[in-house]
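1. 3D model of this:
(one chain, ligands or ions: 1)
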Amino acid sequence: MITIKEWLVNVVQSNKINVVGLGPGNIKYLSTAGIECIKEAEIIVGSTRQLSDLKAIISEKQEIYILGKLAELIAYLKENIDRKITIIVSGDTGYYSLVPYLSKNLSKDILNIIPNISSYQYLFSKLGENWQNFRLASVHGREFDYVKNIDDKEIAGLVLLTDDIQNPYEVSKNLYNNGIRNLTVIVGENLSYDNEKITILEIEDYEKLNRKFDMNVLVLKKGENYGK
Ligand SMILES: C[S@@+](CC[C@H](N)C(=O)[O-])C[C@H]1O[C@@H](n2cnc3c(N)ncnc32)[C@H](O)[C@@H]1O
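-> Below is the predicted model of the structure:
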């Protein structure tokens, strides 16, 4: 039996690999538990950008492992399993993160997961809206039939992670060409950073999205007259 007090004390578990959600990126959104996990680690794993975001709390004594090939990461983690390791993932740990890969290739029991807010949660908060009626998906290097899904009467819209090929412009153009109207397109780029940019337009104006995009989240929000 574990008491609530002990559980809270043990947020950081030094006998496990801590996986910390960075939140949208700006260090001000990092959780207290996440900061503790990073400060106590002997090894910190993350992308170059994430590690640079965290430089204020990483010391020179800590070993840095920059994420590259995932198979090499697993080999490195296995070699160093007796050391205190913290892995940084962007946004929330439960939304298109490394967690399933780590669980599959190491073990679920060895991970201590510290969640955070996702990039899409941050975007909705900026919009002053709730997201519980939206469907979460991704077209980042994967197939997802957003034309079919947007028509689902049960949902208020879609949240999509995009990539350079299926970017917000291509997705919007495809929706428009499939007859979708009364849809607001919202693109959140570089969320929480100094160069944050939020673009909001109606699907009819999709040509305005014909440009290059930075790291982004795409929200497709149905209007009141959608489908009527
Ligand atoms: C591997 S996915 C991880 C998503 C993450 N777990 C989350 O909850 O946001 C990485 C993608 O999330 C989106 N993303 C993460 N941080 C972002 C930010 N600060 N601004 C805009 N998009 C972001 C981008 O689409 C990026 O390619």
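
2. Could you check how far residue 111 is from residue 20?
-> As for residue 111, its distance to residue 20 is 11 Å (criterion: Cβ to Cβ, to the nearest Å). C-beta here means a position set from N, CA and C on the backbone, and glycine is covered the same way.

3. Quick one: mean pLDDT over stretch 162-177.
-> Mean pLDDT, stretch 162-177: 96.

4. er, stretch 73-89 actually
-> Here stretch 73-89 scores 97 as its mean pLDDT.

5. Pull the residues that contact it.
-> Stretch 73-89 is contacted from outside by 14, 17-22, 37-38, 40-47, 50-51, 54, 65, 67, 97-99, 102, 105-106, 110, using Cβ atoms under 8 Å, 6 or more residues apart in numbering.

6. mind saving the C-alpha coords of the helix or strand hosting residue 44 as CSV?
-> For residue 44, the host element (DSSP states H and E) is strand 43-46. Only the C-alpha atoms of strand 43-46 are listed here, as CSV (Å, rounded to 0.1, in the frame of the first residue of the first chain):
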residue,chain,number,x,y,z
ILE,A,43,22.0,11.9,-18.2
ILE,A,44,19.6,14.0,-20.1
VAL,A,45,18.2,12.9,-23.5
GLY,A,46,16.5,15.2,-25.9
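
7. buried residues in the following helix or strand past that strand?
-> Remark: after strand 43-46, the chain's next helix or strand is helix 48-53, criterion DSSP H and E. By neighbour count on 16 or more other Cβ atoms under 10 Å, the buried set for helix 48-53 is 50-51, 53.

8. same question, stretch 164-173
-> Neighbour-count burial for stretch 164-173, counted by 16+ other Cβ under 10 Å, picks out 166-173.

9. Say whether the ligand is contacted by that stretch.
-> No. Using Cβ under 6 Å from any ligand atom, no contact is recorded between stretch 164-173 and the ligand, whose separation bottoms out at 10.0 Å.
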